[in-house]
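>>> structure, please.
(one chain, ligands or ions: 1)
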Amino acid sequence: MGHPIPGPRSLPFIGNTFEFRKNPPGYMNEVHNEYGDMAVIRAGWRKLILVFHPDQIREILVEKHKSFRKSRGLRLLGLLLGEGLLTLEGDAHRKHRKLIQPAFQKRRIDAYGVYIRKACNDVSAKWTDGQQIDVHRWMMYLALTIASRSLFNADVEDDAPEVGEALDRAMQDFNRVVSNPLGPLLVRLPTVAGRRFRSARKQLDRIVYGIIEERRKDNRDHGDFLSILFSKDENGMGLSPKQIRDEAMTIFLAGHETTANALSWSIYLLSRNPAFAERLRNELRAAPATIEPDTELPLTTALFSEAMRLYPPVWAFGRESIEPVEVGGHLLPRGTTFLLSPYVTHRDPRFWDAPNEFRPDRWLEDAAGQPRFRYFPFGGGPRICIGEPFAWMEGRMVLAQMLRMWDFQVDGATVRPKALVTLRPEGGIPARLVRL
Ligand code: HEM
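Here you go, the predicted model:
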C-alpha cells in the first residue's frame, strides 16, 4: 500500500549488521535522520522495520497490540528467563499477569519503601569519605539488594558479585545471538559463546533455586511476590516448579538491572551539571528527615525522568506481527519484525527542545499537546512494564537518600553508553565519594 518504506542499502546475507552492531542506538538515530519515521534495515537475512514516530508506536503497542507478539530478540531472552511474564504470550501471559499484579499494587509497593531506606543505609555504611568507586557496580548491588529483599524477602547481597558477573557473561553475546539465524542453536553448541551463556545461566539458576527452596521450607505466607508464586487458585491449582523458576528469574533480573542503569545514569548526569546539582541538594535539605514513597521531590523526580529520556535502560524492543497489519499507512505481512527505540524517539527534535541536552527542568513544564509516546521508557499498552511504579519509587527514594549523604565526583572522561540488552555505561562510572 502506498510508497515503499525507505532504508539504507545493505549487503546480501549480511545486511546492515556491521553498522548496526558497532553502535546500535547511534545507527538507528542516523537511519531516522536520513529516512524518516519508518525505515527498513536488514540484520543478516531478516528485515527489520524501525518505527520512530510516537503515533505509530502507539498503533503497535496499544491500538493494534492484538496483531503482535514479542519479537525474536525478546523471545531469545527466554533462553535465560524461561517462560515468564516478559516472554509469555496470549492467555498464559494474561493469567500470569493477573496473578502477579497484586505484588506491584501501590499499597504493597509503598511498603517496600522501608527496604529501600535500609538498603541505602547499609550501602552507605560500607563506604568511606574519599573512596574511589564504580557507581554502576554499586547501583547494581543496591538495586539487587532492594529487589531481593522486597520481592523475595531474601538477602542475596553476598551473591551480588556473582550475579553481576553471570549477567555480564549472559549479555555479552546477546546481540550476536539475535542477529544470527542460528542464534538459539549457538547457545546450545559447545562454542565459546554457548559455554559462556550456559555457565552464566547455571550460576543464576543456583541462586534463584536457592531462594525458592529456602521459601518452600519456610511455608509461611510472607505476602510478597514469592508467596504469590506459591499460591493456589480456587481449584487448588498453582504454578509448576518450572513456572515458579521462570517467573522468579524474570523478576529477579528485570527487577534490578534496568533500575540500576537508570540510577547510574542519573548520578553521572548530575555530576556533569553542578548548577542543577546545587538546586537538587537544596530540595533534599528541605525534605523531611525520613524520605517516604510519597515525599514531594520534583527536582529528584525530574532528574530520574531526564536520565531515562537520554539513556533509556531498555533502549529498543521489538514486536512481530502475527497477521497482516497496517502501520503508518503501510500494510505489512504476517511475520514482519518492528523495532521501537525509546533512545531515538526520546531525542527527536520535533518533540523535545534541545533533545541531546540534559535539561531536567523540562519535566516541570506543561507537556499538554505532546504525544504520549514521545517518552516510553517502560513500553506501553497491555505489556507495559509491571514494575514501573516500583521503579519510579525506587529511583526517587534511592537518589534522594544517596545524594543527600554523598557527592559523587565522577572522573573527567565522558562515559559512553553500551547497548546490550540494556543501555549500560561502558567501562562503568568511576567516581570519588565525598561525604556531605
Ligand atoms: C527503570 C527501570 C525499568 C525499566 C526502564 C523497564 C522497562 C521495561 C520495558 C520497556 C518493558 C516492556 C517490554 C516490551 O514491551 O516488550 C518492561 C517489561 C517488564 N518489566 Fe520492566 N523496567 C524497569 C523496571 C522493572 C522492575 C523494577 C521490574 C520488576 C520488579 C520489572 C519487570 C518487568 C516485567 C515482568 C516486564 C514484562 C511485563 C509483561 O510483559 O507483562 N521492570 N520493562
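>>> only C-alpha atoms from now on, for both contacts and neighbour counts.
OK.
>>> contacting residues around the most centrally placed residue in the chain?
Against the mean C-alpha coordinate of the chain, by C-alpha atoms, centre = their mean, the closest residue is Thr258 at 3.5 Å. The neighbours of Thr258, taking C-alpha atoms under 8 Å, 6 or more residues apart in numbering as the test, are Pro313, Val314, Thr422.
>>> report pLDDT for the first one.
As predicted, Pro313 sits at a pLDDT of 97.
>>> and it, how many neighbours does it have?
By other C-alpha atoms under 10 Å, the residues close to Pro313 number 28.
>>> pretty sure it contacts Pro425?
No - with contact defined as C-alpha atoms under 8 Å, Pro313 does not count as touching Pro425 (10.1 Å).
>>> what touches both of those two?
Common neighbours of Pro313 and Pro425 (C-alpha under 8 Å, 6+ apart) are Asn261.
>>> for the nearest residue to Leu297 once chain neighbours are set aside, helix, strand, or coil?
Using C-alpha to C-alpha, 6 or more residues apart in numbering and skipping residues adjacent in sequence, the residue nearest Leu297 is Glu283, 7.0 Å away. When states are read from DSSP: H, G, I helix; E, B strand; the rest coil, the local structure at Glu283 comes out as helix.
>>> then Leu239?
Following three-state DSSP, we place Leu239 in the coil state.
>>> for it, give me phi and psi.
As for Leu239, its main-chain torsions (degrees, to the nearest 10) stand at phi -80, psi 150.
>>> please apply the same query to Val40.
Val40 has phi and psi values of phi -100, psi 130 when expressed as degrees, to the nearest 10.
>>> pretty sure it contacts Arg9?
No - taking C-alpha under 8 Å as the definition, Val40 is not a contact partner of Arg9, at 9.5 Å.
>>> neighbour count winner among the two?
For Val40 versus Arg9, the count of surrounding residues by other C-alpha under 10 Å is larger for Val40: 20 against 11.
>>> model confidence for the more buried one, exactly?
94.
>>> burial count for Tyr112?
21.
>>> that one and Phe174, how far apart?
Counting by C-alpha to C-alpha, to the nearest Å, the gap from Tyr112 to Phe174 is 32 Å.
>>> next one: Glu296
Spatial separation of Glu296 from Phe174 under the definition C-alpha to C-alpha is 39 Å.
>>> now swap in Ala200 and tell me
When C-alpha to C-alpha is the yardstick, Ala200 and Phe174 sit 12 Å from each other.
>>> and what of Leu284?
For Leu284, the distance to Phe174 equals 40 Å [C-alpha to C-alpha].
>>> Glu296 and Phe174 - which one has more neighbours?
More crowded of Glu296 and Phe174, by other C-alpha under 10 Å: Phe174, with 20 against 14.
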